[in-house]
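only geometry, no sequence info:
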């Protein structure tokens, strides 16, 4: 019969591996000296940006990260660390973390991986300054649409001038 602690560790390890397979990024944060209500508010705000805060023992987290191919992150797991798994867009989650960082000085972003690229805390804070994915897509569409709109307006202007000219000729011959 297996010990309960070992079963619990294996379950946590499996959950970390499962989360890391389907995520767009993982951030490592240090939450020492944070109260339970603060952690709860952080969890809630991260849930809105489709990210999950996961706390596990460091040894379990390191082993799971190494097994899932994230050896770079396992070096960041020290002290009171937790993992944030981001499902889709890391910009929103980084904005939430940076906002939380402003009001809680004891909270610290250690680093992370986004789309298989290692990021430091400064990179994550720079990521938070970017506009969201939807805003960037809108800007691209506007940029692509702009020359076409200019062409349509130029052609429309010539047609308007032609119609105005024909209207003037009609008025002149009608009098």
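Perfect, I can see it now. The model shown is predicted, which means the values in this text are computed figures rather than measured ones. Numbers count the residues shown, from 1 in each chain.

quick one: the lowest-mean-pLDDT helix or strand in the chain to chain centroid distance?
Ranked by mean pLDDT, DSSP states H and E, the weakest helix or strand in the chain is helix 71-74, scoring a mean of 78. Centroid separation for helix 71-74 versus its chain: 20 Å, with CA atoms, centre = their mean, to the nearest Å.

From the contact counts, what lies against it?
Contact here means 3 or more CB pairs under 8 Å, 6 or more residues apart in numbering; DSSP states H and E; on that basis helix 71-74 packs against helix 58-67, strand 108-114. Glycine gets a C-beta too; all of them are placed from N, C-alpha and C.

Include distance to residue 80, mean pLDDT and mean neighbour count when you put those into a markdown table, please.
Conversion of the helices and strands packed on helix 71-74 to a markdown table gives the following (distance: least, CB to CB, whole Å; pLDDT from 0 to 100; neighbours: other CB atoms under 10 Å):
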| stretch | distance to residue 80 | mean pLDDT | mean neighbour count |
| --- | --- | --- | --- |
| helix 58-67 | 9 | 84 | 18 |
| strand 108-114 | 10 | 86 | 22 |
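
Distance to residue 138 for the ones you listed - can I get that in a markdown table?
What follows is the helices and strands packed on helix 71-74, written out as a markdown table (distance: least, CB to CB, whole Å):
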| stretch | distance to residue 138 |
| --- | --- |
| helix 58-67 | 36 |
| strand 108-114 | 22 |
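
so who does the residue nearest to residue 19 when sequence neighbours are not counted touch?
Nearest non-adjacent residue to residue 19, counting by CB to CB, 6 or more residues apart in numbering: residue 85, 4.3 Å away. Residue 85 makes contact with 19-20, 23, 25-26, 51-52, 54 under the criterion CB atoms under 8 Å, 6 or more residues apart in numbering.
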